[in-house]
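Student: no sequence for this one, just the structure:
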């Protein structure tokens, strides 16, 4: 993992929900599959709006998906 200040549980949450694909999550959030790949790899932190869309796609709060790396 590199310098993104935010870590996430996107991959774990996708797999817990019946192997949700990266593409299915991307479609639900209005982004590309490459964006989901980059987020899962920790290459960048999402915008606040995207963080909310991702959390909503999982039916969770933002803090249940993303954490500040301390």
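Tutor: That came through fine. Predicted model only: the values in this text are computed from it and were never measured. Numbering: from 1, shown residues only.

Student: Do you have the strands of this protein handy? List them.
Tutor: Secondary structure of the chain (DSSP state E): strands at 6-8, 66-68.

Student: Looking at the ones you listed, spot the one closest to residue 25.
Tutor: Each of the strands of the chain has some distance to residue 25 by Cβ to Cβ; the shortest is strand 6-8, at 11.7 Å. Every C-beta, even on glycine, is put in place using the N, C-alpha and C of the backbone.

Student: Against which helices or strands is that closest one packed?
Tutor: strand 66-68 (3 or more Cβ pairs under 8 Å, 6 or more residues apart in numbering; DSSP states H and E).

Student: what comes up buried for the strand it packs on?
Tutor: Neighbour counts over strand 66-68 (16 or more other Cβ atoms under 10 Å) mark residue 66 as buried.

Student: And stretch 24-37, by the same measure?
Tutor: Buried, per 16+ other Cβ under 10 Å, within stretch 24-37: 25, 26, 29, 31, 35, 36.

Student: how much distance is there from stretch 59-70 to the middle of the chain?
Tutor: The chain centroid and the centroid of stretch 59-70 are separated by 9 Å under Cα atoms, centre = their mean, to the nearest Å.

Student: what mean pLDDT does that stretch have?
Tutor: Taken as a whole, stretch 59-70 has an average pLDDT of 92.

Student: Pull out the buried residues from it.
Tutor: Neighbour-count burial for stretch 59-70 [16+ other Cβ under 10 Å]: 65, 66.

Student: Tell me where the longest helix sits in this protein.
Tutor: Looking across the chain with DSSP state H, the single longest helix is helix 48-58.

Student: got the contact list for that one?
Tutor: The set of residues external to helix 48-58 that reach it, using Cβ atoms under 8 Å, 6 or more residues apart in numbering, is 6, 10, 13, 17, 25, 28-31, 35, 39, 46, 61-62, 64-66.

Student: ok, now with 10 Å
Tutor: 6, 8-10, 13-14, 16-17, 20, 24-31, 35-36, 39, 45-47, 60-66 (Cβ atoms under 10 Å, 6 or more residues apart in numbering).

Student: Okay then, goodbye and thanks.
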